[in-house]
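Visitor: could you look at this predicted model? Sequence included:
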Amino acid sequence: MPSTSSEPRYAALARELAKEIAGGLHPLGSQMPPEVEMAAERGVSRATMRAALDRLEELGLVSRRRRAGTRVTALGPSGRGTYLQSLAGMGDLLQYAAETRREILGVHPIVADYALDREHGLRAGHRWLRILSRRVPSDGGPPLCWTETHADAEAAPPDLEERLRGQDAAELIAAVLAAWSGRPISEVVQEITASGIPAGEVARALETPPGGHGLRITRRYLDPGGKPLAVSVSLHPGERFSYVTRLRRQAG
């Protein structure tokens with residue numbers, strides 16, 4: 001299964017198991033093999049297998065009980081076209097980009113004004129590329145999100161639009177900028193808020209009636225100097241996207 005080099009093994013393993021469940025290898029209501037047995041079959045440690053099963057439980061695909069094992073409770077997310085994203089780091093963001101298909105709707109050069117500077121920290125008077133796109137599931141289904149990205153024009157290759165439509169179609173826009181400019185992504189600042197689906201180009205791109213409930217995710221991709229390489233604002237119809245974050249207690 002494709003994965004990014006920075007992605008934890010348990011995260012890739014959780015996706016493998018989720019696809020097996022969706023494909024019927026582990027039927028609804030069935031008991032999965034013991035944790036130690038599955039770990040041996042796949043050549044991973046028991047701790048890695050346990051972490052993968054923990055993630056499946058977070059996503060509602062399995063239930064786990066002490067001495068009762070792991071039982072399949074769902075074949076996949078409820079609702080056609082729903083995408084569940086579990087974020088543990090940059091690897092999961094890159095994986096989301098790889099597992100969905102981006103459609104470029106337009107690329108327009110702009111100069112940031114004071115409104116964009118106040119809202120997103122884009123330097124007023126600086127040149128940016130306004131990139132409109134949407135994400136759709138790789139295996140079909142309704143659009144998952146509409147995204148407006150402002151990319152630092154100085155960090156962008158001259159053929160950025162062609163790259164995003166071709167060779168870099170599966171890459172995060174910020175990752176393309178980082179590779180081209182030599183300014184690595186040091187930090188991603190993310191804000192999630194509730195939102196309505198506005199009428200016009202957004203509702204049309206999402207193929208959904210305006211006014212419905214949505215999830216607004218703003219991400220600022222910062223270089224080591226704290227300057228934004230790109231800032232993206234994505235709108236997800238509420239019934240098509242669920243967001244899961246894993247929080248762990250630190251020892252001591």
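Guide: Everything's here; your move. Numbers count the residues shown, from 1 in each chain.

Visitor: what about the chain, any weak spots by pLDDT?
Guide: Scanning the chain for pLDDT under 70 picks out 1-7, 76-99, 243-252.

Visitor: the strands in it, which residues?
Guide: When secondary structure is read from DSSP state E, the chain shows strands at 62-65, 69-72, 83-87, 100-111, 127-137, 145-152, 187-196, 213-222, 228-237, 241-245.

Visitor: nearest residue to Pro228 in space, please, no chain neighbours.
Guide: Arg220 (5.3 Å; CB to CB, 6 or more residues apart in numbering). Heads up, the C-betas are built off the backbone N, CA and C, glycines and all.

Visitor: domains of the protein?
Guide: 9-72, 83-245 (automatic domain parsing).

Visitor: could you dump the ones you listed to a markdown table with mean neighbour count?
Guide: Conversion of those to a markdown table gives the following (neighbours: other CB atoms under 10 Å):
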| stretch | mean neighbour count |
| --- | --- |
| domain 9-72 | 16 |
| domain 83-245 | 17 |
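
Visitor: how about Gly24, phi and psi?
Guide: Main-chain torsions, Gly24, degrees, to the nearest 10: phi 90, psi 0.

Visitor: spatially, what comes nearest to it if we skip its sequence neighbours?
Guide: Leu75 (7.7 Å).

Visitor: tally up the residues packed near that neighbour, please.
Guide: Using other CB atoms under 10 Å, Leu75 has 15 neighbouring residues.

Visitor: tell me how far it lies from Glu20.
Guide: Between Leu75 and Glu20 the distance, using CB to CB, to the nearest Å, works out to 10 Å.

Visitor: so what sits against both of these two?
Guide: Taking CB atoms under 8 Å, 6 or more residues apart in numbering as the contact criterion, Leu75 and Glu20 have no common neighbours.
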